[in-house]
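In: sequence? don't have it. structure:
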């Protein structure tokens with residue numbers, strides 16, 4: 001088993017970090033720079049910075065806010081929300097992003113994935129998939145911060161995104177997001193079963209045990225989570241220590257050698 005990455009997720013709306021349930025009912029939980037610095041100090045392996053209303057409002061990320069957060073962060077940052085062009089990606093990278101996540105624009109313009117990969121390299125291009133279960137073994141991909149249906153099968157879309165050259169996938173379960181009821185193991189397994197690229201599972205972390213269960217049962221390469229951190233249920237050091245007790249290696253193992 002590879003070393004599992006532990007990734008705090010910051011959902012951004014305006015100047016604030018927000019958190020909801022099923023990607024709705026958003027409440028303010030803090031300021032981006034303050035939380036980013038806190039989670040870095042706790043030992044985060046990467047950060048995920050997602051403007052969750054940029055696509056919905058058809059506007060760009062606040063690149064100045066991003067820069068203010070990224071300036072003192074020395075771990076990789078994945079940035080997403082409202083990306084609609086190569087220039088948008090370039091601005092995000094200049095503002096401090098290491099990787100750029102795309103959802104809405106990529107679904108409507110799949111060829112953009114290849115364009116982005118050819119411009120910046122696969123390691124920079126992350127596809128964000130927001131999936132909602134429709135029936136047994138079928139999840140539909142949503143756009144615009146989990147608000148708009150697409151009619152596209154989420155697992156089929158993951159395969160297409162990989163074929164187009166994407167370097168990583170962030171896989172969010174809308175059904176589980178913010179509920180603290182555990183990850184959608186079936187969804188994660190449906191994608192990790194064939195994916196040759198890293199899969200970041202997101203949506204549903206509610207306990208240390210739920211995180212270990214997701215890794216053992218569904219084999220993601222990383223876990224992204226928010227509520228447990230924002231509401232003080234656990235710190236990143238606790239997560240890594242618990243996973244270590246479950247014989248799940250994390251990036252701490254490399255540092256401790």
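Out: Alright, I've got the coordinates. All values reported here derive from a predicted model rather than from experimental measurement.
In: Apart from its neighbours in sequence, what residue is nearest residue 89?
Out: Spatially, and ignoring its direct neighbours in sequence, residue 89 is nearest to residue 100 (4.8 Å; CB to CB, 6 or more residues apart in numbering). (C-beta placed from N, C-alpha, C; glycine too.)
In: Return the set of residues that bridge with that neighbour.
Out: Taking DSSP bridges as the rule, residue 100 bridges to residue 79, residue 125.
In: Just give the number of residues close to it.
Out: 24 (other CB atoms under 10 Å).
In: got a list of what it touches?
Out: With contacts defined as CB atoms under 8 Å, 6 or more residues apart in numbering, the neighbours of residue 100 are 78, 79, 80, 83, 89, 92, 93, 116, 120, 124, 125, 126.
In: Can you tell me how far it is from residue 193?
Out: Applying CB to CB, to the nearest Å, one obtains 26 Å for the distance of residue 100 from residue 193.
In: Angles on the backbone of the residue at minimal distance from the centre of the chain, please.
Out: When the chain is reduced to its mean C-alpha position, the nearest residue by CA atoms, centre = their mean turns out to be residue 170, at 4.5 Å. Recorded main-chain torsions at residue 170 are phi -100, psi 120, according to degrees, to the nearest 10.
In: Same question for the one 10 residues further on.
Out: Backbone torsions for residue 180, taken as degrees, to the nearest 10, come to phi 60, psi 30.
In: what sits against it?
Out: Contacts here follow CB under 8 Å, 6+ apart; on that basis residue 180 touches 204, 205, 206, 207, 210, 227, 228.
In: these two touch, right, residue 230 and residue 30?
Out: Yes: the pair residue 230 and residue 30 qualifies as a contact (CB atoms under 8 Å) at a distance of 6.7 Å.
In: Tell me how many other residues crowd residue 32.
Out: Every residue meeting other CB under 10 Å relative to residue 32 is counted, giving 21.
In: Sorry, slip of the keys, the one I care about is residue 109.
Out: Around residue 109 sit 13 other residues, with neighbours defined as other CB under 10 Å.
In: Please apply the same query to residue 110.
Out: Residue 110 has 15 neighbouring residues, counting by other CB under 10 Å.
In: Show me the strands in the stretch 1-150 of the chain, by range?
Out: When assigned using DSSP state E, counting those that start in this stretch, the strands of the stretch 1-150 of the chain occupy the ranges 5-13, 16-21, 24-30, 47-51, 77-80, 99-102, 125-135, 138-143, 148-153.
In: Residue 15: how many residues sit nearby?
Out: 12.
In: show me the contacts for it.
Out: Taking CB under 8 Å, 6+ apart as the definition of contact, the neighbours of residue 15 are 31, 32, 62, 65.
In: Residue 5 now?
Out: Contacts here follow CB under 8 Å, 6+ apart; on that basis residue 5 touches 45, 46, 200, 221, 222, 223, 250, 251.
In: who wins for most neighbours among those residues?
Out: Among those, residue 223 has the most neighbours (other CB under 10 Å), with 26 neighbours.
In: Relative to residue 152, how far out is that one?
Out: Distance of residue 223 to residue 152, computed by CB to CB: 25 Å.
In: What is the least confident helix or strand in the chain?
Out: The weakest-scoring helix or strand in the chain, judged by mean pLDDT, DSSP states H and E, is helix 252-256 (a mean of 44).
In: what sits against residue 246?
Out: Contacts of residue 246 were listed using CB under 8 Å, 6+ apart, and they are 212, 216.
In: how close does it sit to residue 136?
Out: Look at residue 246 and residue 136: by CB to CB, they are 30 Å apart.
In: What of residue 87?
Out: Remark: distance between residue 87 and residue 136 (CB to CB) = 42 Å.
In: and what of residue 212?
Out: According to CB to CB, residue 212 stands 26 Å off from residue 136.
In: Mind checking which of the two has more residues around it?
Out: Remark: of residue 212 and residue 136, residue 212 carries more neighbours, 19 against 6, as counted by other CB under 10 Å.
In: Apart from its chain neighbours, what residue comes closest to that one?
Out: Computed as CB to CB, 6+ apart, the closest residue to residue 212 that is not its neighbour in sequence is residue 246, at 4.4 Å.
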